[in-house]
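[1] quick one, structure for this:
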Amino acid sequence: MPENYTRPVGAATLMHVALVCKDIDASLRFYREGLGFSRTYEWSESAVVPTCPHQLIFKGRALYIELNGDTYIELFEGGRDDVDSSAGPIQHIALIVPDVEEAYRNCLAAGGQAFTIDGWPGDPTTVELNGDPAVQLRVAFVKGPAGELIELYEQHGPLVAR
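    Presented below is the predicted three-dimensional model:
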């Protein structure tokens with residue numbers, strides 16, 4: 001993104017992506033050890049306030065993992081082994097990393113799995129987007145412990161020209 005870009009006043013921005021996890025501790029370890037996120041906020045129930053403080057919306061273990069000051073991955077307990085995100089409706093999460101090779105190795109060491117796409121094993125590679133102008137970037141894909149497909153994304157220039 002160009003340095004002079006500013007989000008239009010009042011425009012929406014991403015707050016979080018929520019994942020349902022079979023093993024929250026495995027997912028937390030993956031995001032901490034594999035991708036370097038450390039700040040978390042954990043809770044066990046959410047309720048409607050102030051009109052009905054005992055009407056629960058969620059009860060169980062949940063937490064936010066902070067990506068930056070106002071963007072999070074949200075983890076909920078209750079996932080299953082037999083699902084992953086590749087079929088959609090949210091196909092994958094892309095995370096900008098400073099070094100795609102290092103992030104890929106760290107993710108695999110922290111419990112992630114390589115994710116094959118159409119014969120490509122998902123390991124770090126350079127791709128070119130053929131837009132105007134063409135943009136080269138480094139990417140890799142891993143599957144996280146909750147079945148989420150994650151694109152590790154090392155960008156070498158602005159994606160949107162203004």
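[2] partners of the helix or strand containing residue 137, with directions?
    For residue 137, the host element (DSSP states H and E) is strand 135-143. Strand 135-143 pairs in its sheet with strand 113-114 (antiparallel), strand 125-129 (antiparallel), strand 149-155 (antiparallel), by DSSP bridges.
[3] identify each buried residue in it, please.
    Buried residues in strand 135-143, counted by 16 or more other CB atoms under 10 Å: 135, 137-143. C-beta coordinates here come from the backbone N, C-alpha and C atoms, glycine included.
[4] ok, now stretch 123-139?
    Quick answer for stretch 123-139 (16+ other CB under 10 Å): 123-124, 135, 137-139.
[5] can you list the low-confidence ranges for the chain?
    Across the chain, the ranges flagged by pLDDT under 70 are 1-5, 7, 47-57, 88-89, 156-162.
[6] give me the residue at the spatial middle of it.
    Against the mean C-alpha coordinate of the chain, by CA atoms, centre = their mean, the closest residue is residue 93 at 4.4 Å.
[7] who does that residue bridge with?
    For residue 93, the beta-bridge partners are residue 150 (DSSP bridges).
[8] quick one: list the elements packing against the strand ranked longest in the chain.
    Determined from DSSP state E, the single longest strand within the chain is strand 56-68. With contacts taken as 3 or more CB pairs under 8 Å, 6 or more residues apart in numbering; DSSP states H and E, strand 56-68 sits against helix 24-29, strand 40-47, strand 71-77.
[9] CSV for the buried residues of stretch 123-139, including distance to residue 41?
    Shown next, in CSV, are those (distance: CB to CB, whole Å):
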residue, distance to residue 41
123, 33
124, 32
135, 35
137, 31
138, 31
139, 30
